[in-house]
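Visitor: got a sequence here, can you build the structure:
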Amino acid sequence: MAPGTTRLERSVLVGGAPFRAMRLSDPAAVALDELTAAGLGDDAVRARFARRLVAAGMLNPSWPLGAGPSLSDVTIVIPVKDRPRELEVLLASLSEMTTIVVDDGSTEPDVLRSIAAHHDARFVSLPISRGPAAARNAGMAMVTTALTCFLDSDCIVDGDWLNALIPALADPLVAAVAPRIVGARGGGSRGAFEHAASPLDLGPAPSLVRPGGSVTFVPAACLVVRTSLGPSLFDERLTVGEDVDLIWRLDEAGWSVRYEPTVRVTHPTRGSIRGWLAQRWSYGTSASALDERHPGVAAPLGGSALTLAAWGALFGGLPITALGLLGIDTARLARRLRPLAAHPTQSAIRLAATPGTGACPTLARQVLRSYAPLLALSLLTRRGRRATMGITLIAGLGRWLRTGRRLDPVSFIAWSTADDLAYCGGLWAGVLATRRSGALRPRIVRGLQSSARDPKITSRR
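Guide: Model prediction:
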């Protein structure tokens, strides 16, 4: 099953993206038992049921979906601005692949042209820098194969990485697939932090990529897509966040996007601390533009009003109030589960308790990276100082326990806090510049959701 999916009772399955409860008929419950024990097999009914679970984000596919594409079906598009050394290394690792290099207004395009020619790559030069979205679109316009793989010029690939990615696109409902992007092993504590907790690293669990799910986006540093969706696939008005916008548009159009972390691609960190912080700041600035295009999706927090209030009370030093609010919310959940579950109260308690410990560090980090200015104001009171210190430590320590134990916790928490504060600065700068507060407003979830859509996509220029 996919992470976050829970079988509360034999006939009740909860999870997916968006979060939902599914009542299983007796045959469906048997099919789920067989699917869990023996896999897909040759049973057509079991296959249809599995397809429904995959589409709901409740099940990660691990079976062959048909005859998959081959490497000859893929053209690699590499947007590049300067970085001749990195381009040379990357092209050397892509021997015998059809490759297009798009120069996005580099200072010495002839040097890049020579490197591309040496490796038999097609070269396109944009006269002025128009950003990664425009460069990728320009390269995709020249692709004649069924699949396009976007690959940043400073990425490092090895092994059979592409052969391990493209089988996901044997599924006709999958529009794109992405690997796990890991930070390069750099020197010093910042290099160790980046290797453990790169913002592009979305973790070890395979997932359907969808807002509200365990993985909400994948970066375009390495992304394989169906060429038929282009060529104007990326919104060229966005200089940052264009990949997030694409993934969310694909989801809105009914396509599936898969995250396959068994494949790893290395992406180096910024060389200077100033550049590193500027990168985090720029990520934050994209939130308001994304909120304008996808209202409500870029919200920093989501959940029922009572759940969010309970966490707020807990972080604010009011544990009794928090427990009371969680109790009321659990009782409401039990009422909603009554038509589905034989034991709705026990199921609601189990569902409410399951994510609690793991959710606390994640929620603390979201508070820190979204509301740091408000936390700064709270430092004027003793309770506010305790709450801010607790949120900062919980956010950093939780992240360290999950990813970074090769670095001492003090250094890790310091870099993690700097990471989150830089992002928060960019977030608030974007909100003030656009006068849109959607990227700061929590999304209130009022019930279980489901959806069914037909695949289509509208290109953006």
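
Visitor: please compute how far the longest strand along the chain lies from its chain's middle.
Guide: Determined from DSSP state E, the single longest strand within the chain is strand 256-267. The chain centroid and the centroid of strand 256-267 are separated by 10 Å under CA atoms, centre = their mean, to the nearest Å.

Visitor: same for the longest helix seen in the chain, what does it pack against?
Guide: Counting by DSSP state H, the longest helix found in the chain is helix 409-434. Packing contacts for helix 409-434, counted by 3 or more CB pairs under 8 Å, 6 or more residues apart in numbering; DSSP states H and E, involve helix 188-197, helix 273-293, helix 356-378, helix 382-403. The C-beta positions use only the backbone N, C-alpha and C, and glycine is treated the same way.

Visitor: sorry, back to before: next, the angle helix 188-197 makes with the longest strand of the chain.
Guide: Put simply, strand 256-267 runs at 160 degrees to helix 188-197, going by axes from the mean of the first three to the mean of the last three CA atoms, to 10 degrees.

Visitor: buried residues, the longest helix of the chain. List them.
Guide: Using 16 or more other CB atoms under 10 Å as the test for burial, helix 409-434 gives 411-413, 415-428, 430-431, 434.

Visitor: toward the C-terminus, what is the element adjacent to it?
Guide: Sequence-wise, the next helix or strand downstream of helix 409-434 (DSSP states H and E) is strand 443-444.

Visitor: quick one on the thing from earlier: what's the longest strand of the chain packed up against?
Guide: Strand 256-267 packs on helix 161-165, strand 174-183, strand 207-208, helix 242-252, going by 3+ CB pairs under 8 Å, 6+ apart.

Visitor: including mean pLDDT, mean neighbour count and distance to residue 290, could those go into a markdown table?
Guide: Output for the helices and strands packed on strand 256-267, formatted as a markdown table (pLDDT from 0 to 100; neighbours: other CB atoms under 10 Å; distance: least, CB to CB, whole Å):
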| stretch | mean pLDDT | mean neighbour count | distance to residue 290 |
| --- | --- | --- | --- |
| helix 161-165 | 91 | 18 | 25 |
| strand 174-183 | 95 | 24 | 18 |
| strand 207-208 | 92 | 24 | 20 |
| helix 242-252 | 96 | 23 | 6 |
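
Visitor: how about a markdown table for the ones you listed, with distance to residue 385 added?
Guide: Below are these laid out as a markdown table (distance: least, CB to CB, whole Å):
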| stretch | distance to residue 385 |
| --- | --- |
| helix 161-165 | 48 |
| strand 174-183 | 33 |
| strand 207-208 | 38 |
| helix 242-252 | 35 |
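
Visitor: report the buried residues of the longest strand of the chain.
Guide: Going by neighbour count (16+ other CB under 10 Å), the buried part of strand 256-267 is 256, 257, 258, 259, 260, 261, 263, 264, 265, 266, 267.

Visitor: for the stretch 101-250 of the chain, which segments count as strands?
Guide: Counting by DSSP state E, counting those that start in this stretch, the stretch 101-250 of the chain has these strands, from start to end: 122-126, 147-151, 174-183, 207-208, 222-226.

Visitor: the second one pairs with which strands?
Guide: It stands for strand 147-151. Strand 147-151 sits in its sheet next to strand 74-80 (parallel), strand 222-226 (antiparallel), going by DSSP bridges.

Visitor: circling back to that earlier point, and of the helices and strands packed on helix 409-434, who's closest to residue 310?
Guide: helix 356-378 (10.2 Å; CB to CB).

Visitor: who wins for proximity to residue 359 among the helices and strands packed on strand 256-267?
Guide: Closest to residue 359 of the helices and strands packed on strand 256-267 is strand 207-208 (CB to CB; 17.0 Å).

Visitor: give the partner strands of that closest one in its sheet and their orientations.
Guide: Using DSSP bridges, the strands paired with strand 207-208 are strand 256-267 (antiparallel).

Visitor: tilt between the strand it pairs with and strand 174-183?
Guide: Going by the same axes, to 10 degrees, strand 256-267 makes 30 degrees with strand 174-183.

Visitor: in space, not sequence, find me the middle residue of this protein.
Guide: The residue lying closest to the centre of the chain (CA atoms, centre = their mean) is residue 217, at 3.0 Å.

Visitor: gap between that residue and residue 286?
Guide: As defined by CB to CB, to the nearest Å, residue 217 lies at a distance of 11 Å from residue 286.

Visitor: any shared contact partners between the two?
Guide: Both residue 217 and residue 286 are in contact with residue 244, where contact means CB atoms under 8 Å, 6 or more residues apart in numbering.

Visitor: pull out the buried residues from stretch 89-108.
Guide: 90-91, 94, 97-106.

Visitor: pLDDT added to these, as a markdown table?
Guide: As requested, the buried residues of stretch 89-108 are exported to a markdown table (pLDDT from 0 to 100):
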| residue | pLDDT |
| --- | --- |
| 90 | 96 |
| 91 | 96 |
| 94 | 93 |
| 97 | 92 |
| 98 | 96 |
| 99 | 97 |
| 100 | 98 |
| 101 | 97 |
| 102 | 97 |
| 103 | 96 |
| 104 | 95 |
| 105 | 93 |
| 106 | 94 |
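
Visitor: for the residues you listed, which one is nearest residue 58?
Guide: Ranked by distance to residue 58 (CB to CB), the buried residues of stretch 89-108 are led by residue 97 at 35.4 Å.

Visitor: you'd agree that closest one is up against residue 76?
Guide: Yes. Look at residue 97 against residue 76 with CB atoms under 8 Å: they come within range, at 5.5 Å.

Visitor: got the confidence number for the nearest residue to residue 369 once chain neighbours are set aside?
Guide: Spatially, and ignoring its direct neighbours in sequence, residue 369 is nearest to residue 420 (3.9 Å; CB to CB, 6 or more residues apart in numbering). Residue 420 carries a pLDDT value of 97.

Visitor: contacting residues around the closest residue to residue 213 other than its chain neighbours?
Guide: Closest residue to residue 213 apart from its sequence neighbours, by CB to CB, 6+ apart: residue 17 at 3.0 Å. Residues near residue 17 by CB under 8 Å, 6+ apart: 56, 57, 208, 210, 211, 212, 213, 214.

Visitor: just the ones of the residues you listed in helices?
Guide: Among these, no member falls in helices (criterion: DSSP H).

Visitor: got CSV for the residues you listed, with distance to residue 340 too?
Guide: Listed next are the contacts of residue 17 as CSV, based on distance: CB to CB, whole Å:
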residue, distance to residue 340
56, 15
57, 18
208, 23
210, 23
211, 24
212, 20
213, 21
214, 23
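
Visitor: buried subset of the residues you listed, written for ChimeraX?
Guide: A single ChimeraX command selects the buried members of these (16+ other CB under 10 Å):
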select :56,57,208,210,211,212,213,214
